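Student: compute the structure for the input listed below.
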Amino acid sequence: MNDSIIILMLGVSVFLGALALFGIMWAIKTGQFDDKEKFLNQVQFDGNEELNDAAEQQAKKEALKKKKKKEGYRPE
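Tutor: The predicted structure is shown next:
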């Protein structure tokens, strides 16, 4: 390959990478990835069963943490 082709390909790839980085930074700055209503909508449409299941899972996690803390950490 000619050096000029490699330089051209490198220049184009750096330009496209910079363009993508600029686009991502712009999207983050303008709040394109923020979902402020996500948690409100989840609670609004969850039923009692889903909320009870979530509470039971949280209680199981806390009980497991307490059990591990009580026994001490022993890798198997």
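Student: please pull up the helix or strand immediately following the lowest-mean-pLDDT helix or strand in the chain.
Tutor: The weakest-scoring helix or strand in the chain, judged by mean pLDDT, DSSP states H and E, is helix 38-45 (a mean of 70). Downstream of helix 38-45, the first helix or strand assigned by DSSP states H and E is helix 48-71.
Student: list the buried residues in that following helix.
Tutor: Buried positions in helix 48-71, judged by neighbour count with 16 or more other C-beta atoms under 10 Å: none. Yep, even glycine has a C-beta here, placed from its N, CA and C like the rest.
Student: and that helix, average pLDDT?
Tutor: For helix 48-71, mean pLDDT rounds to 84.
Student: the residue nearest the centre of the chain: what secondary structure?
Tutor: Of all residues in the chain, the one closest to the mean position by C-alpha atoms, centre = their mean is Phe33, 10.8 Å from it. Under the three-state scheme (DSSP: H, G, I helix; E, B strand; the rest coil), Phe33 adopts coil.
Student: relative to Lys65, how far out is it?
Tutor: From Phe33 across to Lys65, the span is 31 Å (C-beta to C-beta, to the nearest Å).
Student: Glu49 now?
Tutor: 25 Å.
Student: kindly report the same for Leu19.
Tutor: 46 Å.
Student: likewise for Asp34?
Tutor: Taking C-beta to C-beta, one finds Asp34 at 31 Å from Lys65.
Student: repeat for Ala27
Tutor: Remark: distance between Ala27 and Lys65 (C-beta to C-beta) = 37 Å.
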